[in-house]
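Novice: Return atomic coordinates for the entry below.
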Amino acid sequence: MGTAAHGCPVGQNSTRLNMWEESGLRPKDSRWRLSAHRPSCTIISVHSLAERVFAHVRRQGLLTAGERVGVAVSGGIDSVALLRLLLELRSELGIVLSVVHFNHKLRGAESDADGRFVASLAREHDLEFYCDSDDVEGHAREEGISVEAAARELRYGFFRYLIREGESLAPQGLKPQFSKEDPNRSAESAAPPEGGPQEPASEAELDGTAEAMPFQEPSLFRSAAHGSDHAVAARLDKIVTGHTLDDQAETVLMRLIRGAGLKGLGAIHPRIAVEDDDGEFCGEIVRPLLAVRRCEVQAYLKEVGQIWREDATNDDGKFTRNRLRKLVLPLLEKEFNPAVAESLAELADIARGEEDYWENEIAGWMGTGVHWTEPEWVKHLSSSTQLVQIAPTHASDGGSPDARLKAKIESASWLVMNASVDRVWFLGEPAAVQRRVVKAIGEHAGITLEFKHVEEVLRFAAEEAGSGKELVLPQGWKVGRSPGELVFVTPDMRDHLRDPQPPRDYEYVVTIPGKVQVDEAGSTIEVRRVFSGMEAGYNPEHLLDAESMPGPLTVRNWRAGDRFWPRHTKSPKKIKELLQERHVEQSQRRLWPVIVSGGVSGDEIVWMRGFPPPARFAVRPGREAIVILEVPLASAQTHTV
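Specialist: As a prediction, this is how the structure comes out:
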């Protein structure tokens, strides 16, 4: 390392004076100014990576002087580096730092050791420490989500809690008061011993004397002040996380592989707004390291002599992100583009900018091009429930069905509104606009629309056939079409509160040839003979060998344990699994029709709605065939997406 004039060190560690100059800002503090009356200046060494982070934070406006900032520290390399960098920069940024840790309890003793390590970092740097834990695996089971999703949900729930509710904790005595000279103070407040971090003897020691408050029970919120005789709890203004450019690249690539639009390709956002219960802005979750490579933070920690914790699950190949990190990205860098990580991160920036533009455009269309109206059944319900109720309602039955439904509607009124769009305007817009409008209506109404659903709506809207047709969407919604309008019709929620009768099994016999009306399935099923030489008008894969099923055939709904072997598949599957894979709505599955033949092979399912028949029953050359057709009962044609 060289030496500048007046003995100021230079080299790997640049000076804070240079940092201020490169950022375009000049400090007001006189200690940064050169004076003609003073032969020297006070310059404090700062790492070059810290300079870059400082400039990035200032340029993006991520942190503001006076803010209370919690650093989310897991103990891993990225978060530990973020803490050390902000410790270098806190005086220049004018922020008050604290440490935040969430224990996912996924790795047993190792997870607890991570918590003790993070607590020791907070003690070493005399920072407030906020920690929490929860049963992530149990939460995943209860919610039916992946462990990774459950961990993120609980962790970010804790972050939002610290931002939204922190200031309300002061009267609870959450922050213990102690003296620095007290030898019995809590583990969080203990000064670090020489020779590296020391682990507390127990979890009780880790929690110190802080009073615990429930947070998403059964987890606990705990915090402790460090080295203050008069600690006062206050909410955090922001929480910063250690996501790097590598995390961004991995996320973009993973979403590209799985399939995503611009919104998904935006990947990790530099900042996430946090709102209170009234929808008012109250803080942010910020990612200051998104422009920094992981190798850079690793080199930084080695240079400053800071250890970190390794998470063994980061090398587990069963996780998609790990395989991308270890296999795919290195291959892309080596064989195709050495800067592929930077390119993917740039793509995320572009996607977020495009998405912001489209969201502003859509906001205008939703107020002018899309009109929301109450369906007739809601109007009827509103008028019928205005009558004075004389008889008391028993708490056990939750009131009358109409009263319960009215309460449900009032709590989520946007779910019971029809949306109409001017069809002429809609069809005159580019496909990009049409997709955005349909997607926005779905998001507003709570309809889960995949790309295939959106495309089917576009196709349906463009058809020249007359009005009266319907398109069935997920969750009971329908799309109706008239010459002038496209109408998204909400399901009649009264059906959900009527005492439902369990669907009954049905069974009908159909001759060959012959047809039968199946009210339960909403269709008529017809079996036709197709003589040799007349096959041209039919899909050859749907032609069955007549001799293999002499009849009569039985039309019925599928039963538990039934299996079917669709053509072009390797083996038979349970019908339940086939319907799940096709994402058939739960309400439709129970009465899904099949046809059973009692021929020489015994009772076997030879036909199933929506699936090609088994290859073993395909018609043989020169033999008579049969074809099974299904026609909806309604006079208006209904498509199911």
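Novice: which one's the longest helix in the protein?
Specialist: In the chain, assigned by DSSP state H, the helix with the most residues is helix 340-368.
Novice: tell me the mean pLDDT over it?
Specialist: Average pLDDT, helix 340-368: 91.
Novice: Distance from the chain centre to the helix or strand just after it, please.
Specialist: The element immediately downstream of helix 340-368 (helix or strand, assigned by DSSP states H and E) is strand 370-373. What separates the centre of strand 370-373 from the centre of its chain is 28 Å, taken as Cα atoms, centre = their mean, to the nearest Å.
Novice: Kindly report the same for stretch 516-527.
Specialist: In terms of Cα atoms, centre = their mean, the gap separating the centre of stretch 516-527 from the centre of its chain is 41 Å.
Novice: Regarding that stretch, how distant is the last residue from the first?
Specialist: The first residue of stretch 516-527 is 9 Å away from its last residue (Cα to Cα, to the nearest Å).
Novice: same thing with stretch 272-285?
Specialist: From its first residue to its last, stretch 272-285 covers 5 Å (Cα to Cα).
Novice: residues in contact with it?
Specialist: Taking contacts as Cβ atoms under 8 Å, 6 or more residues apart in numbering, the residues outside stretch 272-285 that touch it are 156, 159-160, 163-164, 235-241, 271, 286. Backbone N, C-alpha and C define where each C-beta goes, glycine included.
Novice: Any stretches of the stretch 151-300 of the chain with poor pLDDT?
Specialist: Within the stretch 151-300 of the chain, the ranges that satisfy pLDDT under 70 run 166-234.
Novice: As a check, name the ranges of all helices in it.
Specialist: Ranges of helices within the stretch 151-300 of the chain are 203-207, 245-258, 262-265, 294-304, based on DSSP state H, counting those that start in this stretch.
Novice: tilt between the longest one and helix 294-304?
Specialist: What it means is helix 245-258. Using axes from the mean of the first three to the mean of the last three Cα atoms, to 10 degrees, the inter-axis angle of helix 245-258 relative to helix 294-304 is 160 degrees.
Novice: in helix 245-258, what counts as buried?
Specialist: Buried residues in helix 245-258, counted by 16 or more other Cβ atoms under 10 Å: Leu245, Asp246, Asp247, Gln248, Ala249, Glu250, Thr251, Val252, Leu253, Met254, Arg255.
Novice: how far away is the last one from Gly261?
Specialist: Counting by Cβ to Cβ, to the nearest Å, the gap from Arg255 to Gly261 is 9 Å.
Novice: what are the phi and psi angles of the closest residue to Leu93 other than its chain neighbours?
Specialist: Spatial nearest neighbour of Leu93, chain neighbours left out: Leu63 (5.5 Å); criterion: Cβ to Cβ, 6 or more residues apart in numbering. Phi and psi for Leu63, reported as degrees, to the nearest 10, are phi -130, psi 150.
Novice: What is the burial count for Leu63?
Specialist: Per other Cβ atoms under 10 Å, the neighbour tally for Leu63 reads 23.
Novice: separation between it and Gly480?
Specialist: Following Cβ to Cβ, the distance that separates Leu63 from Gly480 is 51 Å.
Novice: before we move on, what about Arg309?
Specialist: Arg309 sits 58 Å away from Gly480 when distances are taken as Cβ to Cβ.
Novice: returning to what we had before: give me the buried subset of the contacts of stretch 272-285.
Specialist: 156, 159-160, 163-164, 235-241, 271, 286.
Novice: which parts of stretch 105-116 are buried?
Specialist: Going by neighbour count (16+ other Cβ under 10 Å), the buried part of stretch 105-116 is Lys105, Leu106, Ser111, Asp112, Asp114, Gly115, Arg116.
Novice: so how far is the helix or strand containing the last one off the chain centroid?
Specialist: To tie it back to what came earlier, the one meant is Arg116. Following DSSP H and E, one finds Arg116 within helix 109-124. The chain centre lies 29 Å from the centre of helix 109-124; the measure is Cα atoms, centre = their mean.
Novice: which helices and strands does it pack with?
Specialist: Using 3 or more Cβ pairs under 8 Å, 6 or more residues apart in numbering; DSSP states H and E as the contact definition, the elements that helix 109-124 packs against are strand 96-103, strand 128-133, helix 203-207.
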